[in-house]
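Undergrad: Make a model of this:
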Amino acid sequence: MSEEGFTKANLRDDVPDVAAQGGVEGLAAHFASGPLGLQKSGISYQVIEPGKRQPWGHRHKEQEEIYVVIDGSGKAMLGDEEVELAELDAIRVAPELARNFEAGSDGLSLLAFGAPRPPDQEPPGDAEMLPGWWGDEDF
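TA: Sure thing, here's the model as predicted:
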């Protein structure tokens with residue numbers, strides 16, 4: 001944290017894209033808890049290219065998350081339900097509910113808010129990753 005009591009970071013330019021580092025195509029994922037020095041919250045900026053889907057779903061043991069669409073449109077698979085998404089839609093997702101996102105023809109950009117991974121937990125923290133969870137594995 002800075003001496004002024006705040007930390008500033010550009011979510012696209014100052015926060016590493018872990019999707020690109022991991023060789024995931026069609027997706028950008030910038031997790032900013034570390035760069036911002038967050039202690040009691042978490043935020044990520046995610047971009048999914050038009051017609052693409054995240055290659056995995058996930059759920060949590062304890063962490064509730066909020067997703068806000070900041071640009072574009074698409075769908076979220078929340079448990080067994082597909083939910084249409086448009087700009088400025090916000091969705092709260094309970095920890096145990098599996099979730100995944102797919103971009104529409106104009107792409108999908110969203111912010112995800114949750115809690116940071118405790119320092120003693122290895123990635124992915126309390127998350128259970130679910131590869132291929134949402135049907136077609138061609139995405």
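Undergrad: Neighbouring strands of the lowest-mean-pLDDT helix or strand in the chain in the sheet, and parallel or not?
TA: Every helix and strand in the chain was compared by mean pLDDT, DSSP states H and E; the lowest is strand 127-131, with a mean of 87. Partner strands and pairing direction for strand 127-131 (DSSP bridges) are strand 56-60 (antiparallel).
Undergrad: could you give the mean pLDDT of the strand it pairs with?
TA: For strand 56-60, the mean pLDDT works out to 92.
Undergrad: Name the SS class of Gly34, please.
TA: helix (DSSP: H, G, I helix; E, B strand; the rest coil).
Undergrad: Arg12 versus that one, what's the distance?
TA: Distance check for Gly34 against Arg12: by C-beta to C-beta, to the nearest Å, it reads 16 Å. No exception for glycine: its C-beta is placed from N, CA and C like everyone else's.
Undergrad: Strands of the chain, start to end?
TA: 27-31, 42-48, 56-60, 65-78, 81-85, 90-93, 99-114, 127-131 (DSSP state E).
Undergrad: Need those strands in TSV (columns: distance to Gln21).
TA: Shown next, in TSV, are those (distance: least, C-beta to C-beta, whole Å):
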stretch	distance to Gln21
strand 27-31	9
strand 42-48	14
strand 56-60	16
strand 65-78	22
strand 81-85	26
strand 90-93	25
strand 99-114	18
strand 127-131	16
